[in-house]
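Participant: Structure of the sequence below:
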Amino acid sequence: MRRLLLVIPTVLGASAELVDPTVDLNRYIENPAVFVENTEPPHVPLMPFPSRELAMENDWARSPFYLSLDGDWKFHFAMRPELAPQGFYRPDFDDASWPVIRVPSTWQTQGYDHIIYRNVPMELHPYDPPRVPDTYNPTGCYRRSFEIPQAWQGREIFLHFDGVQSAFFVWVNGRYVGYSEDGMTAAEFRITDLVRPGKNVVAVKVLRWSDGSYLEDQDMWRFSGIYRPVYVFSTPVAHIRDVFVRTDLDAQYRDATLRVEVDLKHYQDGSLNGYRLEAELLDREGKSVAKFDGTASGAGSEAKLTLEQPVQNPHKWSDEKPYLYRLLLTLRAPSGEALETIVQRVGFRKVEVRNRQLLVNGVRVEIRGVNRHEHNPELGRTMTPELMRKDIELMKQFNVNAVRLSHYPNDPRWYDLADEYGLYLVDEVNAECHAGEWLSDVPAWTPAFLNRFIRMLERDKNHPSVILWSTGNECGLGRSHFAMADYARKRDPSRLLYHQSNRPDGTAPYVDVDGPRYPSPGRLRNLIAEAKRPIVLGEYAHAMENSLGHFDQFWDLVRSEPVFQGGFIWDWVDQGLREKLVLTPDRSPHGNHGGLMGRPAIVNGRRGKAVSLSGLDDWIEVPRDRSLDITVAPLTVSLWVYPREWFGPSVFVAKGEQYGLQQKDPQTLEFWVMGRRRTSVEARVPGDWQFNWHHVAGIYDGSSLAIYIDGQKVASQPFAEPLQERPFPVNVGRNSETQRENYQGWLTNAIIDEVRILPAVADVAELMAGRGSPERAALWLDFDVFEDKGSHLVYGASNFCINGVIFADRAPQPETWQMKAAHAPVRVEAIDLANGRLRVRNFYSFTNLNELDVQWQLVGDGKVLQSGTLKLDVPPQQDREVRIPIRQPQLQPATEYFLLIQFLLPEDQLWAKRGHEVAFAQFRMPWSPPQPTPVNLSSLPALDVRDEGNRVTINGRDWSASFDKQTGTLASLRYQGRELLVQGPVLNVWRAPIANELSRWGIAEAEWWRGAGLDQLRHQVQDM
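Facilitator: From the prediction side, this is the model:
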């Protein structure tokens, strides 16, 4: 990579004097050894309050020491760092012409840059860690002013970013503050010496890609910007810098020891000797449970206090009963003056493994989990409090009690909600290197890996919802992971360890819980038989589009095999992204209008307008239509192209691998078709190829394939076969079959105009001249008209990000109900249905079924015939036989009878209203209704049957039916002279494949079915 210079001042000591106005940018963004500069040590989120009363409310916005910087910022976008405005960070820089951008947000959802989705590969190109592209590395410059209150004079002041991706530099009042990578954890800077009362200016430069991007190769949309909250806060000079709260339960899981480790810091290098810390534990109602304190000693400016307090039989925290206490910590000066009060919520719980089982508070728990990406269809990675709360409420309503934070630490507010609502969390380090799993074992990268893990653990260590630390996803197993595990064991032995590699399969030597990935129920039985640890599947039941079949088989195993305790479905929410819907009309008779995908530009073309494709996931999508499924000659594919810099294979137009035109390498043009195998003809591009308009065409006339460039046939190849129909749409600028979620590289970098696909041997000269007949075409795109049709949800390079059990707008899918039923914590089994005898099994860990309302109904033909309630006393993880007082009614002919049992919430909960159905069971009653009175056929009028030519016709009163002897099908059905049929029924064994049956990840069963001809049955009449 060439050397890049970023004009920023460096720091000299604490004064931040300018020393060198130029710093080598690559020393930061292409150097795995540099990932932070001048950041504060990581700590739990803390906010000082001036009084006990305000601290008890724990509303940061009401603290006089908190200043949110969320809102409108001035913004400048550049395609690469050197195009960013020089000196933009200076207070007197004129940003009047800059637009504003919402913070927090991803800049891609605010209309800047290109939206790119990938699974395994990086979206940058080429893959060359730690280097990143020079020609394209989008850079956002942010500016805003903020007011420092006069009352903050003499206090410490910090600037806090909850999430910026992927790397950023910060200035305040023109002085360089610092640098940070890891877009998924906080970066905090001390700015005490750089601000003044009144107006101040903060400037931030964010780069889309850095060496840190190679550790952020997750299966998701790749976003950039200041996408989580930003704030400034103030503390006293002597401050509670960090708190670590631990709760340990005794051997009976009754009484607890509350252990509070507090880090104090004096920021003016004064002594902390004699500073006193007062702690008070309060219950949910605000009643004081315990008070205790400690005093710092020694002459240093940093001190660690460890306080321990026994607590008799506290309420325990669990997913079912998430009871939270408040811990108030007040720091007092030696004089007795109260300097600040902070608050932490405390949940008393213990997590451990015994007898190959994962236990919470001594009890085996089920992990009814999902994997969850942070995804907002409007704002990308930016989550609002309302959307986070919506997610958790839906999870609880659909019997989800655990979330794997795949694959990065989430917004800090998510953990607060999980504590409050009751969810078990697997907190996962932001370190996925799927495209190069060897990185985790490279010593030069280990400090960067470990820094990310430390930042996660130190930020989230006080949340009772976090029960496992995950050392990463799909990044192999290397020395970096062992370093993380060592840190976790020493720093926080109260939690368990988890690892999610593909190889080894969801395990590591140091883990406490194994997490195999995507086993079948059969393979899972083998894993259970050999298990040495609890099994909680890291990813399973891949829920792409309509899926989750046979899901109950997994949960039959959970309920029968103690070592298998559940898992995390892949995944929670479809990653649909709301974008403008812009169509360009097709002038053929078929109306195959093209939709603009990504951010193609509309520019001047060969004639009229054209589309400019950047190579960064821009293309034109043409929905599938039979008119484009051309499987026999002739075929013509034609277009005008203005090629630019070659990024890689440049597909000009293609219908998957069925047929297409592309520039396969810098010197070669290719026209291909798919017969028995992929066959192509190739030609060298002319010497003036780049940055000039050229007409290209591929023609299949039934005997040969030919390429035309600028009207001249330049190559041909014998070929005489029918074409395979490939189930993929026509794309301009992309191959929709091969350039999908696992495509490594960029797409077509060219301007394209006048795309034609014809089931004919076209006159190339006519097409070059802009003439020809759209009426004969299957596709005729001029790109001269573009129509705004509102908005739609897009999924980028592939539907492989449509994996959620809920839609992007949070509407449930059919599979959501399947998940709820399989996860249900109550099951009912029939013993003697006719006499109402049933067995009720309680799979809750901490809830007796007497805490639910139980109702039953006897239903016949949809009508409630009998109903009642049940009073059950079934302790957790036990079962009881019960009897429902049903009476057999007078049975009616042709009537089905069902017994319905519902388990309902008896009162409002945080996550659902009274009457919400937690579980249900339904049984068909084993009764035999009398048969209907048969019709006396002799009383019916006689039928007239006529066998004439190719038809057999049956005539009755006011109706007739005709059968075709040649096709063997019902050909006509008439009533009172009116024809009721368009076509009679034929045998059809085909159904639309679901997405998992089309995906080449695993087995694409649908290709087998098509290969067997099940989609195009041929019928032959044997007899009639």
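
Participant: right, and Gly770 touches Trp780 too?
Facilitator: No. Gly770 is not in contact with Trp780 according to CB atoms under 8 Å; the separation is 11.4 Å. (C-beta placed from N, C-alpha, C; glycine too.)

Participant: Okay, the most centrally placed residue in the chain and Ala633: tell me how far apart.
Facilitator: The centroid of the chain falls nearest to His373 when counting by CA atoms, centre = their mean (3.2 Å). The spacing between His373 and Ala633, counted by CB to CB, to the nearest Å, is 46 Å.

Participant: Which strands or helices does the longest helix along the chain pack on?
Facilitator: In the chain, assigned by DSSP state H, the helix with the most residues is helix 446-460. If you count contacts as 3 or more CB pairs under 8 Å, 6 or more residues apart in numbering; DSSP states H and E, helix 446-460 packs onto helix 412-421, strand 424-428, strand 466-473, helix 479-491.

Participant: Shouldn't Gln857 be within a strand?
Facilitator: Yes. Under DSSP: H, G, I helix; E, B strand; the rest coil, Gln857 sits within a strand.

Participant: Please tell me I have it right and it contacts Ser867.
Facilitator: Yes. Checked against CB under 8 Å, the pair Gln857 and Ser867 is within contact range at 4.5 Å.

Participant: can the helices and strands packed on helix 446-460 go into TSV with extra columns for mean pLDDT and distance to Glu907?
Facilitator: Formatted as TSV, the helices and strands packed on helix 446-460 follow (pLDDT from 0 to 100; distance: least, CB to CB, whole Å):
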stretch	mean pLDDT	distance to Glu907
helix 412-421	99	16
strand 424-428	99	24
strand 466-473	99	27
helix 479-491	99	40
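
Participant: Out of those, which gets nearest to Pro121?
Facilitator: Nearest of the helices and strands packed on helix 446-460 to Pro121, taken as CB to CB: strand 466-473 at 15.5 Å.

Participant: Quickly list the domain ranges of this protein.
Facilitator: As given by automatic domain parsing, the domain ranges for the chain are 5-235, 238-346, 365-569, 580-789, 824-924, 942-979.

Participant: For those domains, could you give me a markdown table that also reports distance to Pro814?
Facilitator: Formatted as a markdown table, the domains of the chain follow (distance: least, CB to CB, whole Å):
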| stretch | distance to Pro814 |
| --- | --- |
| domain 5-235 | 23 |
| domain 238-346 | 26 |
| domain 365-569 | 6 |
| domain 580-789 | 23 |
| domain 824-924 | 16 |
| domain 942-979 | 32 |
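
Participant: just those: most buried one?
Facilitator: Across the domains of the chain, averaging neighbours per residue (mean count of other CB atoms under 10 Å) puts domain 365-569 on top, at a mean of 21.

Participant: Select, out of the domains of the chain, the one closest to Arg991.
Facilitator: Smallest distance to Arg991 across these (CB to CB): 11.3 Å, for domain 365-569.

Participant: which stretches of the stretch 601-750 of the chain form strands?
Facilitator: For the stretch 601-750 of the chain, applying DSSP state E, counting those that start in this stretch gives strands covering 601-604, 609-614, 619-622, 635-643, 650-655, 659-665, 668-674, 678-684, 694-700, 704-709, 712-718, 730-732, 749-758.

Participant: out of those, which comes closest to Asn592?
Facilitator: The nearest among those, by CB to CB, is strand 619-622 at 5.1 Å.

Participant: Which strands and helices lie in contact with that closest one?
Facilitator: Here strand 619-622 touches strand 594-597, strand 730-732, going by 3+ CB pairs under 8 Å, 6+ apart.

Participant: Adjacent strands (with direction) for it?
Facilitator: strand 594-597 (antiparallel), strand 730-732 (antiparallel) (DSSP bridges).

Participant: Just put those in JSON lines and tack on distance to Tyr112 and mean pLDDT.
Facilitator: Formatted as JSON lines, these follow (distance: least, CB to CB, whole Å; pLDDT from 0 to 100):
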{"stretch": "strand 594-597", "distance to Tyr112": "17", "mean pLDDT": "98"}
{"stretch": "strand 730-732", "distance to Tyr112": "24", "mean pLDDT": "99"}
